[in-house]
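S.K.: starting from these lines, generate the structure:
(chains A and B)
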There are 2 protein chains.
Amino acid sequence: MITRKIASSDIDLICRHREMMFSEAGRNPDDLLAMAGPFKDWLGPRLDNGTYFGFVIEDEGRAVAAVGLMEIDWPPHPLHPTEPRRGYVFNVYVEPGYRRRGIAQQLMQAAEQEFTARGIGYLILHATTAGRPIYERNGWVATSEMAKVLSIKS
Amino acid sequence: MITRKIASSDIDLICRHREMMFSEAGRNPDDLLAMAGPFKDWLGPRLDNGTYFGFVIEDEGRAVAAVGLMEIDWPPHPLHPTEPRRGYVFNVYVEPGYRRRGIAQQLMQAAEQEFTARGIGYLILHATTAGRPIYERNGWVATSEMAKVLSIKS
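M.R.: Next up is the predicted model:
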């Protein structure tokens, strides 16, 4: 298996992975359907200009896992006092037949190397219940983030 | 007491509030010192162009509390399937003599109204231990965010 950089031509792969990830996490199918078009529209230009980047793992030429990355503009913070960016890790997906072989860990190592090369030392992600133990084993800890959904059309 | 919009001239107030907030939360003074200059540099242009916005509460012309807000570019998500923005609430600070009067709640109501007007229905924040009960009473819930600090210069 080889690890390669994400390319613009991976757009459908990434959309499928994101849908499968959320579907397996138990998200409402109607919400996933509503998200599909807007996410693809969001993703296209960001793949093209490189603000969505990341890695794909291939087995004999077939993509079987991927991770998406982006830099987030963030106010300098006690945990990164001189750096106005955080690294975001998302759309981590390993196809069912390839799990429990350390592939997610491989993707996360590639992600850390990439952010290190970019000078970004504070990384965040949102974990699914299935993903959390993998991240915990790799040194990730829960933050104090809270959310509120307002009752408006979004 | 009156509530007014944040202005560019509030830059020193906001910097002071951010420092006090983190200081009261027990952050390392060295990190706060390192953050001060970079945060002010980050804030200035964003106050000027309105991407940092929010509210100040004044008591007889003196600012005694404030909240900062920004829109974050975010991939369409099951919780906001057609909207590529999240609202971020930060730098919530009420001066010590003005606490336990519902002022933080007033700031949060102003924040929710502002994001509603902007069509943003999914809001996030990072709570200090002191702030968490206030947010919980107002319908905020913990997310699955995790973080990792890499050992590089940031």
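S.K.: could you give the angle of the longest strand that chain A contains to strand B:62-73?
M.R.: Criterion DSSP state E: the longest strand present in chain A is strand A:62-73. If you take axes from the mean of the first three to the mean of the last three C-alpha atoms, to 10 degrees, strand A:62-73 sits at 160 degrees to strand B:62-73.
S.K.: shouldn't residue A:91 be in contact with residue A:70?
M.R.: No. If you go by C-beta atoms under 8 Å, residue A:91 and residue A:70 don't touch, sitting 10.1 Å apart. All C-beta spots, glycine's among them, are computed from the backbone N, C-alpha and C.
S.K.: tell me which of the two has more neighbours.
M.R.: residue A:91 (24 against 19; other C-beta atoms under 10 Å in any protein chain shown).
S.K.: check which helix or strand covers the more buried one.
M.R.: Using DSSP states H and E, residue A:91 maps to strand A:85-94.
S.K.: the longest strand of chain A pairs with which strands, and in what direction?
M.R.: Within its sheet, strand A:62-73 is paired with strand A:53-59 (antiparallel), strand A:85-94 (antiparallel), according to DSSP bridges.
S.K.: can I get those strands in TSV with distance to residue B:108?
M.R.: Shown next, in TSV, are the strands paired with strand A:62-73 (distance: least, C-beta to C-beta, whole Å):
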stretch	distance to residue B:108
strand A:53-59	35
strand A:85-94	24
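S.K.: the ones you listed: which one's closest to residue A:152?
M.R.: Closest approach to residue A:152 among the strands paired with strand A:62-73 is made by strand A:85-94 (24.4 Å; C-beta to C-beta).
S.K.: can you show me the strands along chain A?
M.R.: Using DSSP E, the strands of chain A run over A:2-5, A:53-59, A:62-73, A:85-94, A:122-126, A:141-142, A:145-149.
S.K.: give me the mean pLDDT for the fifth one.
M.R.: Summarised as a single mean, pLDDT over strand A:122-126 is 98.
S.K.: what does it contact?
M.R.: With C-beta atoms under 8 Å, 6 or more residues apart in numbering or on different chains as the test, strand A:122-126 has contacts from A:72, A:77, A:79-80, A:83, A:86-90, A:92, A:111-112, A:115, A:135, A:140, A:143, B:143-150, B:154.
S.K.: please redo it, this time with the cut-off set to 7 Å
M.R.: By C-beta atoms under 7 Å, 6 or more residues apart in numbering or on different chains, the residues outside strand A:122-126 that reach it are A:79-80, A:86-90, A:115, A:135, A:143, B:143-150, B:154.
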